[in-house]
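K.L.:
One predicted model, sequence on top.
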Amino acid sequence: MRELRPAVGSHVVDTRSGRLGIVMGYEGPYVQLRPYGGGREWDAEPGALRSATAAERLKAATAHANARSRGETL
């Protein structure tokens with residue numbers, strides 16, 4: 001599998017956890033991701049990443065908006 005080196009700010013899916021994240025930067029061999037809408041960053045291996053689809057980005061944005069409307073955080 002070819003390793004993805006996404007640009008900072010792009011949306012990717014960590015295939016090991018199934019989580020969508022926004023690329024915040026790089027630390028050593030890892031890509032640092034933050035959940036859509038904020039939260040705790042996690043490190044992912046570049047080989048375990050793929051670009052998020054438009055549907056996945058919309059799903060994350062909708063979940064975030066719904067949680068905010070209920071006064072929750074994701």
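P.N.:
In hand now; what should we look at?
K.L.:
Show me the helices in this protein, by range?
P.N.:
For the chain, the helices defined by DSSP state H cover 54-69.
K.L.:
And the strand of greatest length in the chain, what's buried?
P.N.:
Secondary structure of the chain per DSSP state E: the longest strand is strand 19-27. Residues 20-23 are the ones in strand 19-27 that count as buried (16 or more other C-beta atoms under 10 Å). In short, each C-beta sits where N, CA and C put it, glycine included.
K.L.:
Excluding chain neighbours, what is closest to the most centrally placed residue in the chain?
P.N.:
Most central in the chain under C-alpha atoms, centre = their mean is Gly21, positioned 0.6 Å from the mean C-alpha point. Leaving aside its chain neighbours, Gly21 sits nearest to Leu33 (3.0 Å; criterion: C-beta to C-beta, 6 or more residues apart in numbering).
K.L.:
Show me what the one you found bridges to in the sheet.
P.N.:
Residues in a beta bridge with Leu33, per DSSP bridges, are Val23, Trp42.
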